[in-house]
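Participant: model the following, please.
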Amino acid sequence: MARFISRRCFGALLRTAAFGALFAGSLAQAQTGAIRLLVGFPAGGGTDVIARTLAEKLKDELGAPVVVENRAGAGGQIAAQVLKTARPDGSTFFLTHDHTVSILPLVVKNPGFDPSHDFVAVAGFATFVNALAVSGGTPAKSVAEYLAWTRNTQGGRGTVGVPAPASVPEFLVKIIGEKYNIDLQAAPYRGSAPMLADMLGNQISAGIGSVPDFIENHKAGKIRVIAVLGDKRQASLPDVPTFAELGVAGFEDVPYYGIFAPAGTSRTTIDRFAHAIAKIVAEPEVRDKFTAMGLTVDYMPPDVLARREHAYAQTWARIIKASGFQPQ
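Facilitator: Predicted coordinates for the structure are as follows:
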């Protein structure tokens, strides 16, 4: 069930009104054109849909057009590099989830950016969970049935799509395979959209990605989500068990969505953008849409997002090290 915004954050929302006129005027004046909202994944995926929803609302809040710019590739690495070189003048922001800013620096030797030096946190707005889903051509309706189907009809070997190489979903494929003593291999894609396309075309039997990537097609009966991570079942998928219920524990720290700006961006600009996000995600229309997508609306001011990113990276640094993975 989506959490309500805390009292502290609610106070920030009330203060938003006082910032409103100044926010729209001064930030718009700082722009020479449209504000870029970078997204590191292809159009059509869950992250892209989220970004376009916010961009439409931000246009009114900021008094300037906000254009989603897809710089897909390498798990968001390309978009992150673009952010690093962008001028810190309030004209460029980056909407991403945990993979790019928390995980990539742990699994890539030279990602071309250092979040702690090159980026500044602006606002977090939601958390989500990853899920295991099977394609429509796979007969399994549960994890137990999927494992049995793989053992009995696939020679004990299965291929599971993941939206990016060396991502949390890829590590999950390995952990699940080891847990159930089955040969599961990850098949990395360039984003969730092409992975989902192959699942819908029955080119691949299963995939691990975020609930927002899967929820629409799950509800349409085209794929089936059979397990989710996190410490509780999802409001949008109440009948789907957690991995913890199935005996795979240790993944209760859920991923997040946040917005970042180039280092050097003024605190005034950051705070104003953050207040705009707080106001937007408090709107029932936006909250309901995100909840239906499998997100939990969870507004995080700049400092809270920065701490969340650091803590999440530390957690996964331990898991990745324990797995024996060597940065590529």
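Participant: so which residue is dead centre in this protein?
Facilitator: Taking CA atoms, centre = their mean as the criterion, His97 is the residue nearest the geometric centre of the chain, at 3.3 Å.
Participant: report pLDDT for Arg15.
Facilitator: The model reports Arg15 with a pLDDT of 42.
Participant: same question, Thr96
Facilitator: Value listed for Thr96 in the pLDDT field: 97.
Participant: what pairs with the helix or strand harbouring it, parallel or antiparallel?
Facilitator: Thr96 belongs to strand 92-97 when assigned by DSSP states H and E. Strand 92-97 has its sheet partners listed here by DSSP bridges as strand 35-39 (parallel), strand 256-262 (antiparallel).
Participant: who are the contact partners of the residue nearest to the centre of the chain?
Facilitator: Thr47, Phe128, Ser210, Pro255, Tyr256, Tyr257, Gly258 (CB atoms under 8 Å, 6 or more residues apart in numbering). All C-beta atoms are positioned from the backbone trio N, CA, C, and that covers glycine.
Participant: widest-spaced pair of those?
Facilitator: Farthest-apart pair in these is Ser210 and Gly258; separation 14.1 Å (CB to CB).
Participant: point out where this protein drops to low pLDDT.
Facilitator: Flagging of the chain using pLDDT under 70 yields the residue ranges 1-32.
Participant: tell me where it has helices.
Facilitator: Per DSSP state H, the chain carries helices over the ranges 7-30, 46-62, 77-85, 98, 104-107, 115-118, 143-153, 168-179, 192-200, 211-219, 267-281, 284-292, 302-323.
Participant: so which of these gets nearest Leu37?
Facilitator: Here helix 46-62 is closest among these (CB to CB), at 5.3 Å.
Participant: so which bits of the closest one are buried?
Facilitator: Residues 46-55, 57-58, 61-62 are the ones in helix 46-62 that count as buried (16 or more other CB atoms under 10 Å).
Participant: which two of those have the greatest separation?
Facilitator: Taking CB to CB, no two of the buried residues of helix 46-62 sit farther apart than Gly46 and Leu62, at 23.6 Å.
Participant: okay, buried residues for stretch 306-315 please.
Facilitator: Neighbour counts over stretch 306-315 (16+ other CB under 10 Å) mark Ala306, Arg308, Glu309, Tyr312, Ala313 as buried.
Participant: which residues are contacting it?
Facilitator: Contacts with stretch 306-315, where a contact means CB under 8 Å, 6+ apart, come from 98, 101-103, 105-106, 115-116, 120-121, 124, 253, 255-256, 258, 300.
Participant: just to revisit the earlier point, restrict the strand holding Thr96 to CA atoms and write it as PDB.
Facilitator: Taking Å, rounded to 0.1, in the frame of the first residue of the first chain, the C-alpha atoms of strand 92-97 are listed here in PDB:
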ATOM      1  CA  THR A  92      19.300  20.100 -17.400                       C
ATOM      2  CA  PHE A  93      18.100  17.400 -14.900                       C
ATOM      3  CA  PHE A  94      18.300  13.700 -14.800                       C
ATOM      4  CA  LEU A  95      15.400  11.400 -13.800                       C
ATOM      5  CA  THR A  96      16.700   7.900 -13.000                       C
ATOM      6  CA  HIS A  97      16.300   5.000 -10.600                       C
END
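Participant: now it against helix 211-219, angle please.
Facilitator: 60 degrees (axes from the mean of the first three to the mean of the last three CA atoms, to 10 degrees).
Participant: following the chain onward from strand 92-97, which element is next?
Facilitator: helix 98.
Participant: doesn't Phe260 make contact with Ala121?
Facilitator: Yes. Contact criterion CB atoms under 8 Å: Ala121 and Phe260 qualify, at 6.0 Å.
Participant: buried subset of the contacts of His97, written for ChimeraX?
Facilitator: Here is the ChimeraX command that selects the buried residues among those (16+ other CB under 10 Å):
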select :47,128,210,255,256,257,258
